[in-house]
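1. dropping a prediction and its sequence here:
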Amino acid sequence: MPTSMPCPSIRIPIELLTQSSFAQFGTVIENPAHSNAPRSQRLPPPDAVSANQGTALKFLDVAHMSNLYNLAPSKKPARAVMNMFVCAPRDLRPHEPSESMPSSWGDIDFDDDDDYGDGDRQLFDVQILERHPFTTQTFIPMGLSQTDRHTQYLVIVAPTLPASASRRNTGRPPPYPTPNIKKQKSIKDIFARARPSPFTNEAAPPPGTFSRLHPSQRPKGPGLPDLKNLRAFVATGNQAVTYGAGTWHAPMVVVGDRPVDFVVVQFANGVGIEDCQEITLVPDKDAEEGIAIQVDSDSAGRVLVKAGVRSVKAKL
């Protein structure tokens with residue numbers, strides 16, 4: 001049984017998936033020429049070179065992949081794996097008026113009918129979150145067009161709480177141990193910290209291993225998910241997404257008419273608790289419903305963006 005934690009009653013609006021809005025959680029992989037983000041919100045495109053005898057443009061290093069299994073308690077090495085997930089559309093429940101509001105978007109009126117006209121209004125209940133503490137995980141959709149009006153997928157993520165806050169939230173220690181990193185205490189290592197070092201010509205200490213990593217690649221720690229800052233993004237068929245190592249996220253959520261095939265790339269060492277950690281969300285006894293994603297769609301079936309970039313009446 002996965003570990004459980006109490007959750008408040010919160011409704012989360014949907015945001016447009018862009019690299020700038022998703023940066024703390026991972027990487028969005030897309031052709032910069034087809035990005036939905038406003039030009040003012042776009043990050044510089046990856047470096048590109050000509051390829052295939054001049055018939056292709058090759059973008060370099062489009063995702064930050066991490067293998068941090070050297071930090072895993074078992075020390076068992078990992079290998080790169082590629083799997084396929086065939087994800088069926090999720091069951092949504094009808095919208096019901098509620099007084100619950102997301103903490104970070106408290107100015108949104110979820111019950112304002114003017115925002116979606118003749119469309120539909122439904123809810124998706126978030127009941128479980130997972131993370132892969134020592135590896136990135138990339139989801140690449142296949143056969144889903146950017147212009148598909150009837151099927152999209154949601155990317156639901158949450159920051160990680162400090163271990164001390166996690167203990168307060170559950171009344172028990174964090175469910176997963178922090179890796180023990182041995183500190184070198186040799187005389188040589190002590191003198192090596194002096195600058196200038198007697199062993200090198202460096203005038204400043206070398207950067208730490210983690211400081212050289214992209215922020216989404218760095219270990220997130222053993223804490224539980226920060227549910228009050230959970231976020232939901234809607235992706236188009238021309239976007240793949242890489243979750244940073246240790247990022248809490250919901251299993252893939254397809255909304256619409258048909259299943260979506262995803263090729264999934266990650267590292268794994270076969271130790272269950274090190275490859276994937278899950279936590280179930282149990283509504284507080286006084287909570288109205290728990291955590292729900294507000295899924296509004298227009299008359300053509302396309303999901304409406306209700307927060308952040310191109311919000312409220314914007315359509316993908």
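-> Arrived safely. Fair warning: this is a prediction, and the values are worked out from it, not measured in the lab. Numbers count the residues shown, from 1 in each chain.

2. quick check: residue 15 vs residue 247, distance?
-> Applying Cβ to Cβ, to the nearest Å, the value for residue 15 to residue 247 is 16 Å. C-betas here are computed from N, CA, C, even on glycine.

3. just give me the neighbour total for the residue nearest to residue 130 when sequence neighbours are not counted.
-> Nearest residue to residue 130 in three dimensions, chain neighbours excluded: residue 278, at 4.6 Å (Cβ to Cβ, 6 or more residues apart in numbering). By other Cβ atoms under 10 Å, 16 other residues sit near residue 278.

4. who's more crowded, residue 15 and residue 247?
-> Applying other Cβ under 10 Å to residue 15 and residue 247 shows that residue 247 carries more neighbours, namely 24 against 21.

5. wait, the more buried one sits on residue 220?
-> Yes: Residue 247 lies in contact with residue 220 (Cβ atoms under 8 Å); the separation is 6.5 Å.

6. list residues touching both of the two?
-> Contact with both residue 247 and residue 220 is made by residues 131, 160, according to Cβ atoms under 8 Å, 6 or more residues apart in numbering.

7. tell me, how many residues neighbour the residue nearest to residue 120 when sequence neighbours are not counted?
-> Nearest residue to residue 120, sequence neighbours excluded (Cβ to Cβ, 6+ apart): residue 297, at 4.9 Å. Other residues near residue 297 number 22, with proximity taken as other Cβ under 10 Å.

8. residues in contact with residue 297?
-> Contacts for residue 297 (Cβ under 8 Å, 6+ apart) come out as 116, 119, 120, 121, 122, 303, 304.

9. go with 7 Å
-> Residue 297 sits next to 119, 120, 303, 304 when contact means Cβ atoms under 7 Å, 6 or more residues apart in numbering.

10. what's the answer for residue 226, then?
-> With contact set as Cβ under 7 Å, 6+ apart, residue 226 has these partners: 158, 159, 160, 161.

11. which one is it nearest to, not counting chain neighbours?
-> Excluding the flanking residues, the one nearest residue 226 by Cβ to Cβ, 6+ apart is residue 159, at 4.3 Å.

12. distance of that neighbour from residue 151?
-> With distances taken as Cβ to Cβ, residue 159 is found 28 Å from residue 151.

13. between the two, who's got more neighbours?
-> Remark: of residue 159 and residue 151, residue 151 carries more neighbours, 21 against 17, as counted by other Cβ under 10 Å.

14. in which helix or strand would I find residue 80?
-> Under the criterion of DSSP states H and E, residue 80 resides in strand 79-87.

15. adjacent strands (with direction) for that strand?
-> For strand 79-87, the pairing partners within the sheet under DSSP bridges are strand 260-268 (antiparallel).

16. and the partner strand, which residues are buried?
-> 260, 262, 265, 266, 267, 268 (16 or more other Cβ atoms under 10 Å).

17. tell me what the second one is bridged to.
-> Each beta-bridge partner of residue 262 is listed here: residue 85, residue 141, as defined by DSSP bridges.

18. same check on residue 254?
-> Beta-bridge partners for residue 254, by DSSP bridges, are residue 89, residue 153.

19. next, count neighbours for it.
-> Neighbours around residue 254, by other Cβ under 10 Å: 21.
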